[in-house]
Structures are given as C-alpha cells and as structure tokens.
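Participant: Fold the following.
(one chain, ligands or ions: 2)
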Amino acid sequence: MEKEGPPPAYPDLSEEQIPAPPPYSDASGIMLIVKATDFAARKHRKQKRKDPQQTPYINHPVGVARILTSEGGITDPIVLAAAILHDTVEDTNTTIDEIEQEFGREIRNIIAEVTDDKSLPKEKRKALQVEQTPHKSRQAKLVKLADKLYNLRDIERSPPVWWDCRRVKEYFKWSRDVIAGCKGTNDALEAALDDIINRNL
Ligand SMILES: Nc1nc2c(ncn2[C@@H]2O[C@H](COP(=O)(O)OP(=O)(O)O)[C@@H](OP(=O)(O)OP(=O)(O)O)[C@H]2O)c(=O)[nH]1
Ligand SMILES: [Mn+2]
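Facilitator: Ligands and ions are numbered 1, 2, ... in the order given. Predicted structure coming up:
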C-alpha cells in the first residue's frame, strides 16, 4: 500500500540499492600507500644508491612497489605499502616497533621477514636469506622477488661503482639461490627474474 504524506527529505535507499564503490575509491588503501611513501621518503632522505649517478635511495623502494603493480599484477595495499617500507628498518634508524605503531601488525610482520640482521657478518646474512626464504609468507616472498628484480636490473644497467665482474656474478648467483625459495609465488616476476639471471650467468 502506498504511504501517504509528503515524500521523505532523503531517499530511503536500502543497502542493496547503494552501488558498491569502484575499487579505485578504496580510500583507506590509497591513504596507506601514500602514508608509506611519505614515511619512507623522509626516512631515506639522506641516502643515495651505490650507482655512479648517486640516484636517491627512495627510487628503489618506490620502484619495487611499481614492479609489483605493473608486472606482478599486485594491488593489495598491504603488500604495496610493505614494498615501499621494505628497507626502512634495515637501512635507516626506523625500528620495527615504529612500523607496527604507524602501519599495524600485518605490515610489521612482512617488514620483519624481509629485514636482514645487520649485526651479523655479511656472509652469514646472505646465507640466512637462502636458508630462510622458503619458509616466509607469500607477501614477504612477493616483496623479495620484486626487490631482487629491481636490484638485478640496476646492476645490469649500471653496477655499484666499486663492484667488479666477479662481485656482479656472485650477486646474480646468490639472487638465483634466494629466489629459488620463492618458486610458485608469482609467475610473471619469476619469469622476469629467470630471464635476467640467464642473461647474466
Ligand atoms: N644493485 C644495486 N644495489 C644497490 C645500489 N645501491 C644500494 N644498493 C643496495 O645494496 C644491496 C646489495 O648490496 P650488497 O653489498 O650485496 O648488500 P648489503 O648492502 O646489504 O651489504 C641491496 O640491498 P637490499 O635492497 O636490501 O637487497 P639485498 O641484496 O640485501 O637482498 C641494494 O638495494 C645500486 O646502485 N645498485
Ligand atoms: Mn631493497
């Protein structure tokens, strides 16, 4: 039966009638990524890459996130924010507690998984990456794959100034061993890594 009286001031939309927002209006995911970018840019602000051009360090974590979106097809804001933050604890004064406070438990766990213990000798750190990578979460493996792909491309294009051929080859070999532990995580990234490694070994 029709209701009598004036129409309501606001349309009475039931839940089904409210259109689902399109994915690009997921404001919280976008805000998380922008916050992570700002945080990482401030933390890495004084650092440069080891290339002859002394590229600003922040180009690396941003580029790692870009590899995940454009080549890996990853759109999960948690993984993308973790990619942008992935070197803050290892390479700046950022603590893992600070990451948890600012970005929550899930991102904290991913960052902890991809952070080397810099108090260990380099040989040991490198060996631990090979040993421990297979046991890491899918999210951490995604960040690792994109991190290695970015670094190998950097080396192929323009190696760190003091690296000789042997050092370059060693990094390629070691990367191959680390990413073997990520098998089955992301076909596109793994194929791109296979290509660049085969070209250089
Ligand atoms: N290829 C390249 N790497 C550079 C450059 N500048 C800084 N790096 C960083 O150096 C690290 C690789 O250098 P290494 O001598 O093997 O390692 P270390 O700095 O951790 O001792 C990478 O750290 P990471 O990202 O934490 O990755 P990982 O290699 O430690 O896994 C990479 O991001 C550059 O110009 N080219
Ligand atoms: Mn890195």
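Participant: need the longest helix for this protein.
Facilitator: Counting by DSSP state H, the longest helix found in the chain is helix 138-157.
Participant: Check the average confidence over that one, would you?
Facilitator: In this model, helix 138-157 has an average pLDDT of 98.
Participant: Let me know whether it sits next to ligand 1.
Facilitator: Yes: Helix 138-157 lies within reach of ligand 1 by CB under 6 Å from any ligand atom, at 147, 151, 154-155. Using the backbone N, CA and C atoms, a C-beta is placed for each residue, glycine as well.
Participant: Name the member of the residues you listed with the most neighbours.
Facilitator: The most crowded member of those, judged by other CB atoms under 10 Å, is Asp147 (23 neighbours).
Participant: show me what contacts that residue?
Facilitator: With contact set as CB atoms under 8 Å, 6 or more residues apart in numbering, Asp147 has these partners: 64, 83, 86, 114.
Participant: Of these, which is the most crowded?
Facilitator: Counting neighbours by other CB under 10 Å, Ala83 leads those with 32 neighbours.
Participant: thinking it is in contact with Leu145, fair?
Facilitator: No: at 10.3 Å, Ala83 does not count as touching Leu145 under the criterion of CB atoms under 8 Å.
Participant: quick revisit: after the longest helix of the chain, next one along is what?
Facilitator: helix 165-180 (DSSP states H and E).
Participant: who does that following helix touch, helix- and strand-wise?
Facilitator: If you count contacts as 3 or more CB pairs under 8 Å, 6 or more residues apart in numbering; DSSP states H and E, helix 165-180 packs onto helix 122-132, helix 138-157, helix 187-200.
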